[in-house]
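**Student:** Could you look at this predicted model? Sequence included:
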Amino acid sequence: MKILAIETSCDETGVAILECEGSFEGASFTILGNALYSQATLHAPYGGVYPNLAKREHQNNLAPLATEALKASGLLKSRTKDTPVNDSSLENIRDQTFKSNIEDFLASTEKPDIEFIAVTKGPGLEPALWTGINFAESLGRAWNIPVIGIDHMEGHIFSALLKKLSDSSFQLSGMQFPILAFLISGGHTEFVVMKEPFVYEHIGATRDDAIGEAFDKVARLLDLPYPGGPQIAEVASRSRARGEKNEISFPRPMAQDDTCDFSFSGLKTAVLYKLRDMDKIDEKVKEQIAEAFEDAARDVVIIKTKRALEATEPKILAVGGGVSANTEIKRALTALVDEDFSDIQLLFPDATLTGDNAIMIGVAGYLRHLSGTHTASNLSALGNLKLGE
Ligand code: KG4
Ligand code: ZN
């Protein structure tokens, strides 16, 4: 079955076409087309994602990306003559430019051979989420196919569970429950147990900033561009490579507390105070601060993951979200599992699926479709959606 997937929860606009086959265990996915546009450089001057800019960019980019993904998949059937678009397909679109973008797309594109559309319904920035939902529903109405709403975080979980078969194909295999998902991104830091497909228990989460947000904020303090995670990692690695003892150190917030919760805002403040107290911040000091911050973030991640693994005794630890790309965190989690939990399978997403993308939304969409547990039609953007709700 072929499906079209859309992701617009934050600052990546993604459209993917997937060929999906099989039942839950062993489900396989061929990426027929994947068009992804990152707005990161546009948001960089603001030091974070600026919601109205994200919305406008999604509005301008969705139609061209849908065309690109359909073309790559061989499913694009352009119409030679413009055909008028039924007004009811566009009834929810208030923005005139967005409306005419969709209208042009629908007028010049014949209904492709796809069974349904999967779109991110939350969590994320509501103006951004609405853009994807409105686009998906317009296409769904015009082509008379269902649109199902997907939890972005469920997408991140499945991206970690997929095994790569080739550059363009993935498979869900060796599923064993319970699965402990550790979701670390710009908006989330949480442990969730998947007891069986789509049944979730929340074990712990951040009480303030997300870990990726802390990386982004500290990067800003160090005058490094957004998104700050990869920047901090790069700058810290230079200090790490010197192999000298780092004189700078930051607290490990909530390390002693016996929950699986986190707090990152104090760590960011500690970096701020450290910078204020220093007379001179040269490149070397900057690198040491980045390293000390990354060490502190990594250490709490390890302490809390150990606690979560002991409390939930999962068969699989699946790490997902943008921060799962962090080399230092990845290395430390691998060492923790190798040393203390060698009977647990530790899974990270393939590099192509780590950040936000539409492929993971399509994967979750197909699996939800198989289970019949999806929500269809009249979707709403749910900025604070919690897994399982
Ligand atoms: O999952 P994601 O692409 O978007 C959200 O749903 O938030 O995650 C983005 C976050 C950003 O905060 C970014 O700075 C962080 O992931 N990130 C990293 C790394 N790569 C991306 N943080 C630390 N180290 C990295 N290598
Ligand atoms: Zn994400």
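**Tutor:** Now that the structure is in, tell me what you want to look at. Ligands and ions are numbered 1, 2, ... in the order given.
**Student:** Could you use CA atoms for every contact and neighbour count after this?
**Tutor:** Fine.
**Student:** Pick out the residue of the stretch 51-200 of the chain closest to ligand 1.
**Tutor:** residue 186 (3.2 Å; CA to the nearest ligand atom).
**Student:** which residues in the stretch 151-300 of the chain form helices?
**Tutor:** Applying DSSP state H, counting those that start in this stretch to the stretch 151-300 of the chain gives helices spanning 152-161, 211-221, 228-242, 265-277, 283-312.
**Student:** ranking those by burial, who's on top?
**Tutor:** Comparing these by mean neighbour count (mean count of other CA atoms under 10 Å), helix 152-161 ranks first with a mean of 26.
**Student:** who's in contact with that one?
**Tutor:** 9, 120-123, 172-173, 175, 181, 183, 318-321, 347-350, 353-354, 356, 360-361, 363-364, 387 (CA atoms under 8 Å, 6 or more residues apart in numbering).
**Student:** check contacts around the residue lying closest to the residue of the stretch 51-200 of the chain closest to ligand 1 once chain neighbours are set aside.
**Tutor:** Distances taken as CA to CA, 6 or more residues apart in numbering place residue 212 nearest to residue 186, at 4.0 Å, with adjacent residues excluded. Counting by CA under 8 Å, 6+ apart, residue 212 touches 184-188, 229, 322-323.
**Student:** now swap in residue 21 and tell me
**Tutor:** 1, 27-29.
**Student:** likewise residue 298?
**Tutor:** Contacts of residue 298 by CA under 8 Å, 6+ apart are 328-329, 332.
**Student:** mind redoing it with 7 Å?
**Tutor:** Listed by CA atoms under 7 Å, 6 or more residues apart in numbering, the contact partners of residue 298 are residue 329.
**Student:** Make 56 the first number, not 1, from now on.
**Tutor:** In the new numbering, first residue 56, that becomes residue 353.
**Student:** check whether stretch 274-292 contacts ligand 1.
**Tutor:** Yes. Counting by CA under 6 Å from any ligand atom, ligand 1 has neighbours in stretch 274-292: 282-285, 288.
**Student:** So which of the residues you listed is the closest to residue 315?
**Tutor:** Ranked by distance to residue 315 (CA to CA), those are led by residue 284 at 22.5 Å.
**Student:** pLDDT value on the closest one, please?
**Tutor:** On the pLDDT scale, residue 284 is placed at 97.
**Student:** now residue 364
**Tutor:** For residue 364, pLDDT reads 98.
**Student:** excluding its backbone neighbours, what's nearest it?
**Tutor:** Closest to residue 364 by CA to CA, 6+ apart is residue 235, at 7.6 Å.
**Student:** Please tell me I have it right and that neighbour contacts residue 251.
**Tutor:** No. Residue 235 is not in contact with residue 251 according to CA atoms under 7 Å; the separation is 10.9 Å.
**Student:** more neighbours, these two?
**Tutor:** When neighbours are counted by other CA atoms under 10 Å, residue 235 and residue 251 differ, and residue 235 comes out ahead with 28 against 12.
**Student:** ok now do the more buried one, which residues does it touch?
**Tutor:** Residues counted as contacts of residue 235 (CA under 7 Å, 6+ apart) are 246-249, 369, 371-373.
**Student:** same thing but 6 Å
**Tutor:** Neighbouring residues of residue 235 by CA atoms under 6 Å, 6 or more residues apart in numbering: 247-248, 369, 372.
**Student:** List just the nearest of the residues you listed to residue 350.
**Tutor:** Taking those together and measuring to residue 350 by CA to CA, the closest member is residue 372, at 21.4 Å.
**Student:** Assign a three-state SS to the closest one, would you?
**Tutor:** strand (DSSP: H, G, I helix; E, B strand; the rest coil).
**Student:** for it, which residues make a bridge with it?
**Tutor:** residue 235, residue 401 (DSSP bridges).
**Student:** I'd assumed residue 398 was in contact with it.
**Tutor:** No. Residue 372 is not in contact with residue 398 according to CA atoms under 6 Å; the separation is 10.7 Å.
**Student:** Neighbour count for those two, which is higher?
**Tutor:** residue 372 (26 against 11).
**Student:** What separation is there between the spatially closest residue to residue 385 that is not a sequence neighbour and ligand 1?
**Tutor:** Among residues not flanking residue 385 along the chain, residue 379 sits closest, at 6.6 Å (CA to CA, 6+ apart). Per CA to the nearest ligand atom, to the nearest Å, residue 379 is found 7 Å from ligand 1.
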